[in-house]
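>>> Got a sequence here, can you model it:
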Amino acid sequence: VAGLLGGLMVGGTPLGSCAGGNCRDVGAMTSVLMGWSAGTALGVYSAGSLLDGRGAFLPTMGAGLLAGGAGTGLYAMNIVDEETLIPLVMGMSLLGSMAVYELTSAWATPRPRVLAEDAPSTGATWAPTVQVSSRGGSLGLVGRF
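Numbers count the residues shown, from 1 in each chain. Model prediction:
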């Protein structure tokens, strides 16, 4: 949805407005597709951030624009026709953005995690324990008062 809105805002022309059956307006189609790619990359970054991801913004946008630009370039060079253009650009920009977002998220330093909340205890807290050594194993119970 973000890609479609971005493409329509940047391009300014809907994809269905082909005059006389001629849809080879490369300038308008290029601006729509690059806006679509930018919107897709922005959508990937936003969804990842909402789901507590740690991906980087600029590499994600760059990958989406680069992948969308590659599909648009194939269209401009008459290698790809109109029927395969939209799924190609959508797929390339989406997969490129997602891959780079996940890679930059994996390379980010991990956030510290809170293992236990600091809540005042109202009594004894018990936890089972297991110990394994070369002489055998043992089970136990540990408590905090």
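>>> Return the list of helices and strands in contact with the one helix or strand G137 maps to.
Taking DSSP states H and E as the definition, one finds G137 inside strand 136-144. Secondary-structure packing of strand 136-144 (3 or more C-beta pairs under 8 Å, 6 or more residues apart in numbering; DSSP states H and E): strand 125-133. Quick note: C-beta positions are derived from backbone N, CA and C, even for glycine.
>>> In its sheet, which strands sit next to the strand it packs on, and in what direction?
Sheet pairing of strand 125-133 (DSSP bridges) gives strand 136-144 (antiparallel).
>>> these two touch, right, A63 and V100?
Yes. A63 lies in contact with V100 (C-beta atoms under 8 Å); the separation is 3.8 Å.
>>> circling back: what does the strand holding G137 contact?
With contact meaning C-beta atoms under 8 Å, 6 or more residues apart in numbering, strand 136-144 is reached by 121, 124-131.
>>> Now those in a markdown table, please, with extra columns for pLDDT.
What follows is the contacts of strand 136-144, written out as a markdown table (pLDDT from 0 to 100):
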| residue | pLDDT |
| --- | --- |
| S121 | 60 |
| A124 | 77 |
| T125 | 79 |
| W126 | 82 |
| A127 | 86 |
| P128 | 87 |
| T129 | 89 |
| V130 | 88 |
| Q131 | 86 |
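>>> Break the chain into its domains for me.
Taking the TED database as the criterion, the chain consists of the domains 1-107, 113-144.
>>> Any chance you could list what contacts stretch 53-73?
Contacts of stretch 53-73 (C-beta under 8 Å, 6+ apart): 29-30, 33-34, 36-38, 40-42, 44-45, 48-49, 80, 85, 88-89, 92-97, 99-105, 108, 111.
>>> Report the buried residues of stretch 66-75.
Residues 66-69, 71-72, 74-75 are the ones in stretch 66-75 that count as buried (16 or more other C-beta atoms under 10 Å).
>>> Could you export it as PDB, CA atoms only?
This file holds the C-alpha atoms of stretch 66-75, laid out as PDB (Å, rounded to 0.1, in the frame of the first residue of the first chain):
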ATOM      1  CA  LEU A  66      18.300   0.000  -6.500                       C
ATOM      2  CA  ALA A  67      16.200  -3.100  -7.000                       C
ATOM      3  CA  GLY A  68      13.300  -1.000  -8.300                       C
ATOM      4  CA  GLY A  69      15.700   0.900 -10.500                       C
ATOM      5  CA  ALA A  70      17.000  -2.300 -12.000                       C
ATOM      6  CA  GLY A  71      13.500  -3.400 -13.000                       C
ATOM      7  CA  THR A  72      12.700   0.100 -14.400                       C
ATOM      8  CA  GLY A  73      15.900   0.000 -16.400                       C
ATOM      9  CA  LEU A  74      14.900  -3.300 -17.900                       C
ATOM     10  CA  TYR A  75      11.600  -1.700 -18.900                       C
END
